[in-house]
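Engineer: Show me how the following folds:
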Amino acid sequence: MTHRDRGHYAKKHSDIQIDPEAQKLLEASSKQGKITCASVHGAAKKLGITPAEAGAQADLLELRLIRCSLGLFGYDDGTKLLSPMETVPEELAPLLDQASDNGRISCHDCWNIAKTLKLKRVEVSSACEAMELRIKPCQLGAF
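Structural biologist: Numbering: from 1, shown residues only. Down below sits the predicted model:
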């Protein structure tokens with residue numbers, strides 16, 4: 001969604017309804033109409049639903065996602081949290097290459113690679129920046 005779509009997230013989901021249990025959890029974790037990536041993932045886990053389903057529920061509630069776990073969006077100054085790595089570690093580059101397709105890699109794959117190599121998620125996304133890999137799609141449906 002573009003900046004001019006901000007506040008109209010529910011339009012993406014005409015086929016689903018707000019789940020009262022999800023609403024309660026997500027609203028409790030939100031502040032001033034904003035919710036962190038980590039909070040939506042936590043709610044998904046508690047509810048036993050996928051991150052995409054929890055992201056759709058956040059959209060239906062018109063909650064703006066902030067503080068992306070990969071550092072891509074939602075920080076106070078409106079910029080990314082990350083910058084490209086100067087040198088991508090030897091063990092990381094091949095995993096990113098294997099998981100990518102046509103210059104793209106999923107958020108989910110980035111999380112898995114970070115877990116496998118015991119790296120911070122932002123380190124993996126910084127390596128993606130250095131390797132000119134676009135991270136898409138988002139697990140929560142933000143992009």
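
Engineer: Could you report the neighbour count for Gly71?
Structural biologist: Neighbours of Gly71 under the rule other CB atoms under 10 Å: 23. For every residue, glycine as well, the C-beta is placed using N, CA and C.

Engineer: Over to Leu81?
Structural biologist: By other CB under 10 Å, the residues close to Leu81 number 17.

Engineer: try Asp76
Structural biologist: For Asp76, using other CB under 10 Å, the count is 7.

Engineer: Can you check what pLDDT the model gives it?
Structural biologist: Among the per-residue scores, Asp76 holds a pLDDT of 75.

Engineer: now it: how far from Lys34?
Structural biologist: Using CB to CB, to the nearest Å, Asp76 is found at 11 Å from Lys34.

Engineer: next one: Ser69
Structural biologist: Ser69 is 15 Å from Lys34, by CB to CB.

Engineer: Looking at those two, which is more packed in?
Structural biologist: Ser69 (23 against 14).

Engineer: from what I can see Gly103 touches Ile135, true?
Structural biologist: No: using CB atoms under 8 Å, Gly103 is not in contact with Ile135, being 10.5 Å away.

Engineer: Name the residue in the two with the higher neighbour count.
Structural biologist: Ile135 (22 against 10).

Engineer: how close does that one sit to Gly141?
Structural biologist: 14 Å.

Engineer: Please parse the chain into its domains.
Structural biologist: Listed by automatic domain parsing, the domain ranges of the chain are 3-66, 76-143.

Engineer: Just give me the lowest mean pLDDT stretch among those domains.
Structural biologist: Ranked by mean pLDDT, the domains of the chain bottom out at domain 3-66, which scores a mean of 90.

Engineer: Dihedrals phi and psi, the residue sitting furthest away from the middle of the chain?
Structural biologist: In the chain, the residue that sits farthest from the middle, by CA atoms, centre = their mean, is Glu90; the gap is 25.4 Å. The phi and psi values for Glu90, taken as degrees, to the nearest 10, are phi -50, psi -40.

Engineer: try Ile135
Structural biologist: Ile135 adopts backbone torsions of phi -90, psi 110, taken as degrees, to the nearest 10.
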